[in-house]
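>>> Fold the stuff below for me.
(chains A, B and C)
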Amino acid sequence: MDVNRYLELVRKKQPLIHHITNWVTIYDCAQVVKSFGASPVMAHAAEESADMASIASSLVLNVGTLTPELIESMKSAVLAANHRDVPVLLDVCGAGATGLRDRMCFKLIDETRIDIIKGNASEVARIAGADVQTKGVDSGAVSGDLAKIAAGLAVERNCTVIITGKDDIITDGKKCITVNNGHELMAHVVGTGCMAASVAGTFAAVDPGNLAEAAAAGLCCFGIAAELAVSLANGPGTFTGFLFDAVYSLDKEHVDRMKRTGQCAVTTL
Amino acid sequence: MDVNRYLELVRKKQPLIHHITNWVTIYDCAQVVKSFGASPVMAHAAEESADMASIASSLVLNVGTLTPELIESMKSAVLAANHRDVPVLLDVCGAGATGLRDRMCFKLIDETRIDIIKGNASEVARIAGADVQTKGVDSGAVSGDLAKIAAGLAVERNCTVIITGKDDIITDGKKCITVNNGHELMAHVVGTGCMAASVAGTFAAVDPGNLAEAAAAGLCCFGIAAELAVSLANGPGTFTGFLFDAVYSLDKEHVDRMKRTGQCAVTTL
Amino acid sequence: MDVNRYLELVRKKQPLIHHITNWVTIYDCAQVVKSFGASPVMAHAAEESADMASIASSLVLNVGTLTPELIESMKSAVLAANHRDVPVLLDVCGAGATGLRDRMCFKLIDETRIDIIKGNASEVARIAGADVQTKGVDSGAVSGDLAKIAAGLAVERNCTVIITGKDDIITDGKKCITVNNGHELMAHVVGTGCMAASVAGTFAAVDPGNLAEAAAAGLCCFGIAAELAVSLANGPGTFTGFLFDAVYSLDKEHVDRMKRTGQCAVTTL
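Residues are numbered from 1 along each chain as shown, chains lettered A, B, ... in the order given. Below is the predicted model of the structure:
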């Protein structure tokens, strides 16, 4: 996986990334995409979501502050993206916390083509059918091998699955990539998970035929930028500004020196 | 009031704090709660607000960007929280600015059990029945003794009342605590009032039987962190990052050295 | 144009600036207004938007995350503002990206009195009738003289028109002012365009009889603050904190030393 090539592609192609996302981290999602050199746009009205998806190079959905109306608007956008074979990523934010979140995620996954499902451990486990509880939007305990859970879901849903956490797992059911960049401070910063989804969606936009590699390259860049930011920050507040700076300035030297990726065995049920 | 004990309790229990709040400061409210070591979740859909409140340890409501539909969703959440005796805090943001805000605040206070009412001087005075005008969400002039107004409202509504400002007043109508930490720069930063509500709600979660003490301990910690942030910041922009860092790193030494709390006389009408 | 006089007026009058804006940059819009010493309030419910506009000194609208319902609420607010001759600024954010955005902007412009229309090059060109495509909320290519396009729209709609970009153009169809302050880094920061609208609306509030001069003075101050922030920042992340600090601390010495404004010829079709 040539991370530098993906980073260059994002900066060269400057893809338009359409988001229908949550109201908590909407600025951070937009800014991380813009810092990578791409163009974010947030447009959630049902009357335009398909039109906006029709000019975008990927679609990032996040159910963090969902309503049923927002899900309908997402559905319209996905159908437009599906029609043009534009990658669609769904962040199943809060799945396992309430019944509404589970139902709405399944509605999207069942009724449209979601190319990448992304969440933390308990969110993805819930979508894979496990009986787990998510603590709001923070992961609950999950028993079992996360790579196996992810690969099983990828095969079942014929998509790429991302579990973010201390190590990120990205799998399409055939290959499995781990990204070991990042820092534990990120768990204390609101929005790092949402931004990871936006980054994966941005990199997916430039190589729709290799979603797992593209998403993993994006998460690797994001994790390296986070490590650079941690080295300058004094806590979760100053971290965010340094993070966007580091994303903006990230170069080949950083990637070559700091990249830590690996492979995990794909053993589906 | 053992402020350090409360700070330790929040970090140990890591309570889930459910917010239905405004779209302006929603990130800041989440990040301040997370920086204290607790878990924020923002969920406003009427179809899940009761479910989310049912797994939370406190509920923080803020009407800063209200709609009538949002108030209905808040009502469902409060009823679920009331059922489980989970503390509910209402930030009457903008009360006294428009008739809608007044009516919606009274609707919640009349039709559910609100445990803590929080606002700036003119917001709380309006809810206590005074004929005052709030300048959008900034306090207007209030004549009279604020502690008396707060205590009167606390007795009338059988709840705890918080008035934030240069000095914070916290009273349940029997005891009255002042918190004199904080800094005048906070008045130039959007969201400090909203964050104060989230902090009070977070500390209330760990001692539901002593809401005034718990909320006051939280506001004391928040004010100390703000003073630490001001000492590093050059204005209202860089302040916010340093604030979250200071909250995250706050320790017993800071609290013991910087705590400035007092008591006010409770004289209700 | 006496920029310092306008800056002093904003700080002295502390006008209340009512926003109905987008969910991405809502915090930044509020904070930039507050950093200038004015009072921002964000209130979008149709049940109160006219009431809030009735106590405000200007109204700033931004269709960045519009819905048809939000446009109706904006319309109520504009009618209340029009009734009191309070300046109304419309940021036609994303015009030229989807049909909905175009239609909703035209609805407001046709059915109410908009005093200032503001956008980037392709957004304003679209509202002026050109067949251009906006890339989400980032400007697309526009052929032709931007000052001429702006002046033509100003005459057609009997209003002031602002095109922001590398140089800002402000014209009422008779006079045309350019503001050459600012920095290219701003194009990499989400929200600089939205904040420019809030600043123009804030300065318009203190001199409703001279909207072009007032708005240009505001954009000049904003651009100078941005240049000061760039000199301290390492990228688009740390920029924002320094920007608010610089706005808050901006003084006559900065303005006199750094102001770069000019005039453009007004040649309407």
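>>> residues from chain A in reach of chain C?
A:16, A:18, A:23, A:26-27, A:30-31, A:34-35, A:39-45, A:47-48, A:51-52, A:55-56, A:240-249 (C-beta under 8 Å from any C-beta of the partner chain). In this view, the C-beta of every residue, glycine as well, is placed from N, C-alpha and C.
>>> Please narrow those residues to those residing in strands.
A:Leu16, A:His18, A:Ser39, A:Pro40, A:Val41, A:Met42 (DSSP state E).
>>> Neighbour-wise, which one of these leads?
Neighbour counts for these (other C-beta atoms under 10 Å in any protein chain shown) peak at A:His18, which has 32 neighbours.
>>> so how many other residues sit close to the residue nearest to that residue when sequence neighbours are not counted?
Excluding its sequence neighbours, the residue lying closest to A:His18 (C-beta to C-beta, 6 or more residues apart in numbering or on different chains) is A:Ala56, at 3.7 Å. A:Ala56: 29 surrounding residues under other C-beta under 10 Å.
>>> quick one: whatever residue of the stretch 1-150 of chain A ends up closest to chain C from chain B, how far?
Chain C sits closest to A:Val41 of the stretch 1-150 of chain A, with a gap of 2.9 Å, by C-beta to the nearest C-beta. Distance of A:Val41 to chain B, computed by C-beta to the nearest C-beta, to the nearest Å: 18 Å.
>>> now swap in A:Leu211 and tell me
From A:Leu211 to chain B the distance is 29 Å (C-beta to the nearest C-beta).
>>> In space, what's closest to that residue - neighbours in sequence excluded?
Ranked by C-beta to C-beta, 6+ apart and with sequence neighbours excluded, the top spatial neighbour of A:Leu211 is A:Thr160, at 4.5 Å.
>>> Repeat that for A:Ala50.
Nearest to A:Ala50 is A:Ala80, by C-beta to C-beta, 6+ apart, at 3.9 Å.
>>> And what about A:Ala81, helix, strand or coil?
Following DSSP: H, G, I helix; E, B strand; the rest coil, the label given to A:Ala81 is helix.
>>> Tell me who's in contact with the residue of the stretch 1-150 of chain A closest to chain C.
A:Leu16, A:Ile17, A:His18, A:His19, A:Met52, A:Ala56, C:Gly94, C:Ala97, C:Lys135, C:Gly136, C:Val137 (C-beta atoms under 8 Å, 6 or more residues apart in numbering or on different chains).
>>> from those, which is closest to chain B?
The shortest approach to chain B among these belongs to A:His19, at 15.4 Å (C-beta to the nearest C-beta).
>>> Neighbours of the residue nearest to A:Val247 when sequence neighbours are not counted, how many?
Take A:Val247 and drop its neighbours on the chain: the residue closest to it by C-beta to C-beta, 6+ apart is A:Ser35, 4.0 Å away. A:Ser35 sits with 26 neighbouring residues when counted by other C-beta under 10 Å.
>>> Could you do A:Ile17 as well?
30.
>>> right, and it touches A:Ala205 too?
Yes - contact criterion C-beta atoms under 8 Å: A:Ile17 and A:Ala205 qualify, at 6.3 Å.
>>> which neighbours do these two share?
A:Ala38, A:Ala56, A:Ser57, A:Ser58.
>>> Can you add pLDDT and give those residues back as CSV?
Below are these laid out as CSV (pLDDT from 0 to 100):
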residue, pLDDT
A:Ala38, 98
A:Ala56, 98
A:Ser57, 98
A:Ser58, 98
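>>> from the residues you listed, which would you call buried?
Among the shared contacts of A:Ile17 and A:Ala205, those buried by neighbour count (16 or more other C-beta atoms under 10 Å in any protein chain shown) are A:Ala38, A:Ala56, A:Ser57, A:Ser58.
>>> now, which of those residues sits nearest A:Arg103?
For these, the residue nearest A:Arg103 by C-beta to C-beta is A:Ser58; the value is 25.1 Å.
>>> The closest one and A:Cys93, how far apart?
A:Ser58 is 18 Å from A:Cys93, where distance means C-beta to C-beta, to the nearest Å.
>>> Also A:Leu219?
Distance, A:Leu219 to A:Cys93, by C-beta to C-beta: 16 Å.
>>> got it, and A:Val142?
The value you get for A:Val142 to A:Cys93, if C-beta to C-beta is used, is 16 Å.
>>> so which pair among the shared contacts of A:Ile17 and A:Ala205 is furthest apart in space?
A:Ala38 and A:Ala56 (10.4 Å).
>>> Now the common contact residues for these two.
In contact with both A:Ala38 and A:Ala56: A:Pro15, A:Leu16, A:Ile17, A:Ala205, using C-beta under 8 Å, 6+ apart.
>>> for the third one, what are its contacts?
Just to be clear, that refers to A:Ile17. Contacts here follow C-beta under 8 Å, 6+ apart; on that basis A:Ile17 touches A:33, A:38-41, A:56-60, A:198, A:201-202, A:205.
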